[in-house]
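Q: Sequence and predicted model, in that order:
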Amino acid sequence: MWQTEHQKAFESLNHVIIEVPVLAYYDPEKDNLIQSDASLQGIACVLMQDGRPVCHASRSLTGTESLCSNIERELLAACWSLEKFNHYVCWQKVIIETVHKFHNECLATAAETVAKDGKT
């Protein structure tokens, strides 16, 4: 039975879909955040600015990639996201978030080293 709260939820969702753009336009002046994740079947990432998604990407893992450990798949997702969003983040400061604290620390250290040495 369709009730008043159902109608309100429908109208709210309809407003979000129609009125508010889901993806934001990329602004090279804003900070970049890439969130990446991996599963047994695939990897995915999203480029965010000011808490809004700018673009997203995903792909299936190959047979060999799916045999990797979870921590390796997560790192693959982070590296692949940099390749995928290269045209946005090349020569820009970018923060990469993964679900593994270890990767976040390693990526931050690598980024600091690259910044100091000027090497990629």
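A: On my side now, so go ahead.
Q: The closest residue to Ala24 other than its chain neighbours bridge partners, please.
A: Sequence neighbours aside, Arg52 is the residue nearest to Ala24 in space, at 4.1 Å (criterion: C-beta to C-beta, 6 or more residues apart in numbering). C-beta coordinates here come from the backbone N, C-alpha and C atoms, glycine included. Following DSSP bridges, Arg52 is listed with bridge partners Gln49.
Q: Arg52 touches Tyr25, doesn't it?
A: No: in this structure, Arg52 is not within contact of Tyr25 by C-beta atoms under 8 Å, at 9.5 Å.
Q: Of the two, give the one with the bigger neighbour count.
A: Just comparing Arg52 and Tyr25: by other C-beta atoms under 10 Å the higher neighbour count belongs to Arg52, 14 against 8.
Q: show me where pLDDT drops low in this protein?
A: 17-21, 100-120 (pLDDT under 70).
Q: now the strands for it?
A: 32-38, 42-49, 52-60, 94-97 (DSSP state E).
Q: Which among those strands is found nearest to Asn70?
A: For the strands of the chain, proximity to Asn70 was assessed by C-beta to C-beta; strand 32-38 is nearest, at 7.2 Å.
Q: Pairing partners for that closest one, with directions?
A: Strand 32-38 pairs in its sheet with strand 42-49 (antiparallel), strand 94-97 (parallel), by DSSP bridges.
Q: Can you show me the CA trace of that strand as PDB?
A: The C-alpha coordinates for strand 32-38 follow below in PDB (Å, rounded to 0.1, in the frame of the first residue of the first chain):
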ATOM      1  CA  ASN A  32      41.800  15.800  -5.600                       C
ATOM      2  CA  LEU A  33      40.800  12.700  -3.700                       C
ATOM      3  CA  ILE A  34      40.700   9.300  -5.200                       C
ATOM      4  CA  GLN A  35      38.900   6.500  -3.400                       C
ATOM      5  CA  SER A  36      39.700   3.000  -4.700                       C
ATOM      6  CA  ASP A  37      38.500  -0.400  -3.700                       C
ATOM      7  CA  ALA A  38      38.900  -4.000  -4.900                       C
END
